[in-house]
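J.: Any chance you can model this:
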Amino acid sequence: MLEHALPKIIKPLTYGTESLQFKVLSNALNKHVPQYGFNERALVQSLNELGLSSSYLSVLASSNSPSFFNVSPSVLELVKFHLVSRRKQLITNLPLGSDKPLPDLKTLFLERLRLNESIAPHLSQLLSIMSVPGEFLTSTALPELQQLTDDMIFYSNEQDHNDFAWYSKRIALSTAYVSSELFMAQDKSHNFVETMEFAESKLSKVSQLGNMYNNTEEYLWYTLLSSINLAKSQMTRG
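T.: Predicted coordinates for the structure are as follows:
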């Protein structure tokens, strides 16, 4: 159980859980991103706290996190680390390999949102970084979003399908999740009660795909999800 939940390397990360890179990114995400956001300042604070030079930023990012615009490779790696580590954290305590029942989809969906509570003020920044067209979007952001929806369905008691509904369900669930994060970024209610209510409302419509794309943000993300294979093929040919 522990080996399944906490392997030495959590793919698609390219470094182990005992590596210095993992420790710096984990410390930054847990202690400094809540205050500073997803930027180099959070990483420098983490490096300083661990007694490391800020020059370590130049080697912090893995080679599969190229920079774009004003976002450095180290910040992109921090975003990737957040997406991957929180996705894995979601299933760490599940009763895998036992006779205990798995949670329902709503429980996992809301729990994943709750894992964002400490960084809620910075979710708009996070989504902005993730949604810029380019290699990071197609190689990391969208695949991680798709993997999250796969995990939520696979590790829940949700009935799955082996036809077109399989794809439709995942697009709907991805859209519901991203729109809930967008709502959470602006939510000032106590313990994000309004976000959870919003998320439950969106989740209840996952089986009614015609109702899923009612606002601009949802439509944009649906378009991005639908075009990922085209974008990948264009980048491969380029």
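
J.: Run a quick check on Leu29 versus Lys80, I expect a contact.
T.: No. Applying Cβ atoms under 8 Å, one finds Leu29 not in contact with Lys80, separated by 10.9 Å. C-beta: built from backbone N, CA, C; applies to glycine.

J.: any idea how far Asp150 lies from Leu142?
T.: 12 Å (Cβ to Cβ, to the nearest Å).

J.: between these two, who's got more neighbours?
T.: Counted by other Cβ atoms under 10 Å, Asp150 and Leu142 do not tie: Leu142 has more neighbours, with 22 against 16.

J.: per-residue pLDDT, the more buried one?
T.: pLDDT for Leu142: 86.

J.: tell me which element it falls in.
T.: Element membership of Leu142 [criterion: DSSP states H and E] is helix 142-154.

J.: so after that helix, what's the next helix or strand?
T.: Following helix 142-154 in sequence order, the next helix or strand is helix 164-186 (DSSP H and E).

J.: need the helices for this structure, in chain order.
T.: Secondary structure of the chain by DSSP state H: the helices cover 2-5, 20-27, 33-36, 40-49, 57-60, 73-91, 105-114, 123-131, 135-136, 142-154, 164-186, 193-203, 216-226, 228-237.

J.: Let me see the contact set for Leu148.
T.: 83, 87, 90, 112, 174, 177 (Cβ atoms under 8 Å, 6 or more residues apart in numbering).

J.: any idea how far Met184 is from the fifth one?
T.: Just to be clear, that refers to Ser174. Distance, Ser174 to Met184, by Cβ to Cβ: 16 Å.

J.: burial count for Lys188?
T.: By the criterion of other Cβ under 10 Å, Lys188 has 7 neighbours.

J.: ah, wrong one, I meant Ile9
T.: Look at Ile9: counted by other Cβ under 10 Å, it has 13 neighbours.

J.: cool, Thr195 as well?
T.: Neighbour tally, Thr195, other Cβ under 10 Å: 24.

J.: shouldn't it be in contact with Leu113?
T.: Yes. In this structure, Thr195 is within contact of Leu113 by Cβ under 8 Å, at 6.5 Å.

J.: Now do the shared contacts for these two.
T.: Shared contacts of Thr195 and Leu113, counting by Cβ under 8 Å, 6+ apart, come down to 180, 184.

J.: Now for the residue positioned nearest the centre of the chain: which residues touch it?
T.: In the chain, the centroid-proximal residue (Cα atoms, centre = their mean) is Leu83; its distance is 3.3 Å. With contacts defined as Cβ under 8 Å, 6+ apart, Leu83 is in contact with 140-141, 144-145, 148.

J.: between those, which is nearest Ser131?
T.: Closest approach to Ser131 among these (Cβ to Cβ): Ala141, at 7.1 Å.

J.: Need the nearest residue in space to the closest one, chain neighbours excluded.
T.: Closest residue to Ala141 apart from its sequence neighbours, by Cβ to Cβ, 6 or more residues apart in numbering: Met130 at 3.9 Å.

J.: One more: Arg112?
T.: Of all residues not flanking Arg112 in the chain, Leu90 sits nearest, at 5.3 Å (Cβ to Cβ, 6+ apart).

J.: Test for you: state the pLDDT assigned to that neighbour.
T.: Listed pLDDT for Leu90 reads 94.

J.: With the one 5 residues further on instead?
T.: Among the per-residue scores, Pro95 shows a pLDDT of 80.

J.: Tell me if I'm right that it and Leu102 touch.
T.: Yes. Counting by Cβ under 8 Å, Leu102 is a contact partner of Pro95 at 7.1 Å.

J.: Now stretch 16-24: buried residues?
T.: Buried residues in stretch 16-24, counted by 16 or more other Cβ atoms under 10 Å: 21-22, 24.
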